[in-house]
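Visitor: Quick check, what structure comes out for this input:
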Amino acid sequence: MKYIYIILLIIPLIFTSCKKEEIKPVTNTTTEETQARDAFYDLMQEWYLWYKQIPSVTLTDYKDPVELLEAIRYKPVDRWSFVMDYNTYVSRMVQGVFVGHGISIGMDGSKNVRIVKLYKESELYKKFGVRRGWILKKLNGSDLAEVILSGNSTLYSQLWGASEAGVANTFVFQTPQGKDSTITSTKSSLILNTVMVADTIHLRSGITGHLVYDQFIEPTEGELKAAIAFFKQNNIKDLIIDMRYNGGGYENLLQDLASYVAGNKNAGTAIMKLIFNDKHADQDRNVPFITTDYSLDLTRLVVIATRNTASASEEVINGLRAIIPVTVIGDTTEGKPTGMPLYTDIKKKYVFGPVAFEAVNSKGEGGFYNGIPPAKYVPDDITHDFSDRKELCLKEAIQFLETGSFSQKSTYIRQPVKIITEDPEWTRNLFIKGN
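Guide: Predicted coordinates:
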């Protein structure tokens, strides 16, 4: 039997085959898992960016492609290649469906657990008015900070319950006014919003757009276009893009965002060049800025970033800084100047995302495996909502746009916030190749 892997062009709700690669015959296999394992190994030998570093292994020592990946991944660099269930991938990254409360949490410097972000379709957001910055004191009667600090992951998971619609949890929040609020909320199936905020800020330097952008996944295309149209209507002079939790996503959405900012005068110039391994140098290509109906044509951009800013969001920074001044505020980014096509076995049991190419900008700049450093370090201030002018990163961005310089304060403690999210790990640090 021969297996075919399909490089997937992702468009809303549809998988379209755009190129087929014939894999060597699979022999001596008895299950779907071992068939997929063997075909995945052949795929890695052919397309993996670091295929020369794959160690010799005995395939029969590994029961499926998940185990195999961990054995052959180029660990000094590659933290991102993944293997996962096909249906789960389609639900999460293509349809934007998520089951849970729709919140992420983190711990502030005073060891309070706070809401870091939450989706607008979340019952906690829509019905109960919970917002970023609220303290989460208790979950089902347990002090959540104590559980997290104890490192008891089993108890933590038990407190939250299964990721299934209908599971109810009782929270005790402390509001910004210092009052306790007890709320019982039920997990549900949500369609994610990825534009968390799109508003304008009137500064001495002019009207500035403020975009909090969470993920480059398919449902965001319309949201992003609406946000940019709003900025265009309001004649913004500058733009602040907050991508502090943006772990990446699809190439076409990266291309859209970068093109909106750069303007139609830059159409045709490369945002980035994709560089494959030496077996597939013929696949190298430019991803250009494109003409859009909402050309902002900006000359100044501020990006708020953290260690959670990765992949496609880093490529927006890297691509734009080759043509306009881009100022990064916050923390050094993740450091993933790479991306992956998507593949599936013929029975569509798995989706494979092996790192297959590096990306550089129009000046040949890339290779930022240690991350893109900020011009000004500012801690992620989870005690305030995104649009609150007291929020430290936003405050520093405003300072820079109004004065051209940063505040003189240099006593910030470098203390990145550990984000605990209901999102699975594989949804972060993605830059997925289109056609």
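Visitor: Please make it C-alpha for all contacts and neighbour counts, starting now.
Guide: Noted.
Visitor: And stretch 396-411, how far out from the chain middle?
Guide: 27 Å (Cα atoms, centre = their mean, to the nearest Å).
Visitor: err, stretch 230-237, not the other one
Guide: Worked out by Cα atoms, centre = their mean, stretch 230-237 lies 26 Å from the chain centre.
Visitor: Which residues belonging to that stretch are considered buried?
Guide: 230-232, 236-237 (16 or more other Cα atoms under 10 Å).
Visitor: do the same with stretch 146-161
Guide: In stretch 146-161, residues buried by neighbour count (16+ other Cα under 10 Å) are 147-148, 156, 159-160.
Visitor: Secondary structure and distance to D85 for those - can I get that in TSV?
Guide: Listed next are those as TSV, based on DSSP: H, G, I helix; E, B strand; the rest coil; distance: Cα to Cα, whole Å:
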residue	secondary structure	distance to D85
V147	helix	30
I148	helix	29
Y156	helix	25
L159	helix	26
W160	helix	23
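Visitor: Work out for me the element K120 sits within.
Guide: Here K120, judged by DSSP states H and E, is contained in no helix and no strand.
Visitor: and if you look at I240?
Guide: I240 belongs to strand 238-242, assigned by DSSP H and E.
Visitor: other SSEs contacting the next helix or strand after that strand?
Guide: Remark: after strand 238-242, the chain's next helix or strand is strand 248-250, criterion DSSP H and E. Helices and strands touching strand 248-250, as assessed by 3 or more Cα pairs under 8 Å, 6 or more residues apart in numbering; DSSP states H and E, comprise helix 312-320, strand 430-432.
Visitor: Which pLDDT value goes with M93?
Guide: At M93, the model reports a pLDDT of 64.
Visitor: Equivalent analysis for S150, please.
Guide: Per the predicted model, pLDDT is 88 at S150.
Visitor: what's around the closest residue to G263 other than its chain neighbours, how many residues?
Guide: Distances taken as Cα to Cα, 6 or more residues apart in numbering place D297 nearest to G263, at 3.8 Å, with adjacent residues excluded. The number of residues packed around D297, counting by other Cα atoms under 10 Å, is 19.
Visitor: returning to that earlier point: neighbouring strands for the strand holding I240, and are they parallel or not?
Guide: In the sheet, strand 238-242 lines up against strand 206-213 (parallel), strand 301-305 (parallel) (DSSP bridges).
Visitor: For the helix or strand following the first one, name the packing helices and strands.
Guide: Read it as strand 206-213. Going down the chain from strand 206-213, the next helix or strand is helix 220-233, by DSSP H and E. Judged by 3+ Cα pairs under 8 Å, 6+ apart, helix 220-233 is in contact with strand 195-203, helix 251-262.
Visitor: ok so, going back, by mean pLDDT, show me the worst of the helices and strands packed on strand 248-250.
Guide: Among the helices and strands packed on strand 248-250, strand 430-432 scores lowest, at a mean of 39.
Visitor: And the most centrally placed residue in the chain, how far from T184?
Guide: Computing the C-alpha centroid of the chain and ranking residues by Cα atoms, centre = their mean puts G247 first, at 1.8 Å. G247 sits at a distance of 30 Å from T184 (criterion: Cα to Cα, to the nearest Å).
Visitor: Which SSE is immediately downstream of the biggest helix by length in the chain?
Guide: Longest helix of the chain, by residue count under DSSP state H: helix 32-47. Next helix or strand after helix 32-47 toward the C-terminus (DSSP H and E): helix 65-72.
Visitor: Can you give the contact residues for that next one?
Guide: 33-34, 36-38, 40-41, 54-55, 57, 59, 62, 82-84 (Cα atoms under 8 Å, 6 or more residues apart in numbering).
Visitor: Selecting buried members of these in PyMOL, what would you type?
Guide: A single PyMOL command is used to select the members of the contacts of helix 65-72 judged buried by 16+ other Cα under 10 Å:
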select buried, resi 33+34+36+37+38+40+41+54+62+82+83+84
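Visitor: which one of the contacts of helix 65-72 is nearest G106?
Guide: Ranked by distance to G106 (Cα to Cα), those are led by F82 at 25.2 Å.
Visitor: and the residue lying closest to the closest one once chain neighbours are set aside, what does it touch?
Guide: Leaving aside its sequence neighbours, F82 sits nearest to G353 (Cα to Cα, 6+ apart; 5.1 Å). For G353, the contact set (Cα under 8 Å, 6+ apart) comprises 81-83, 340-343.
Visitor: swap the cut-off to 6 Å and go again
Guide: Counting by Cα atoms under 6 Å, 6 or more residues apart in numbering, G353 touches 81-82, 340, 342.
Visitor: just R307 next, same as before
Guide: Taking Cα under 6 Å, 6+ apart as the test, what R307 contacts is 332-334.
Visitor: repeat that for 7 Å
Guide: By Cα atoms under 7 Å, 6 or more residues apart in numbering, the contact list for R307 reads 331-334.
Visitor: Could you do S153 as well?
Guide: Neighbours of S153 in contact, by Cα under 7 Å, 6+ apart: none.
Visitor: Same check on N246?
Guide: 213-215, 308-310, 313.
Visitor: Go again with 8 Å.
Guide: Contacts of N246 by Cα under 8 Å, 6+ apart are 213-216, 308-310, 313, 428.
Visitor: Report the separation between it and A305.
Guide: 9 Å.
Visitor: repeat for V316
Guide: From V316 to A305 the distance is 12 Å (Cα to Cα).
Visitor: rewinding a little: show me the two of the contacts of helix 65-72 that sit farthest apart.
Guide: So, the contacts of helix 65-72 by Cα to Cα: farthest apart are P55 and M84, at 22.0 Å.
Visitor: re earlier: and the angle for the strand holding I240 with strand 195-203?
Guide: 150 degrees (axes from the mean of the first three to the mean of the last three Cα atoms, to 10 degrees).
Visitor: Mean confidence (pLDDT) on strand 238-242, please.
Guide: 98.
Visitor: cool, and stretch 357-367?
Guide: pLDDT averaged over stretch 357-367 gives 97.
Visitor: Next, the buried residues of it.
Guide: Here stretch 357-367 shows 357-362, 365-366 as buried, counting by 16+ other Cα under 10 Å.
Visitor: just to revisit the earlier point, name the SS class of the residue nearest to G263, please.
Guide: coil (DSSP: H, G, I helix; E, B strand; the rest coil).
Visitor: Does it touch A258 like I think?
Guide: No - D297 is not in contact with A258 according to Cα atoms under 8 Å; the separation is 10.4 Å.
Visitor: Run a quick neighbour tally on E32.
Guide: Under the criterion other Cα under 10 Å, the count of neighbours that E32 has is 13.
Visitor: pLDDT score for it?
Guide: On the pLDDT scale, E32 gets 84.
Visitor: gap between it and K349?
Guide: Taking Cα to Cα, one finds E32 at 8 Å from K349.
Visitor: Likewise for A226?
Guide: Distance from A226 to K349, by Cα to Cα: 35 Å.
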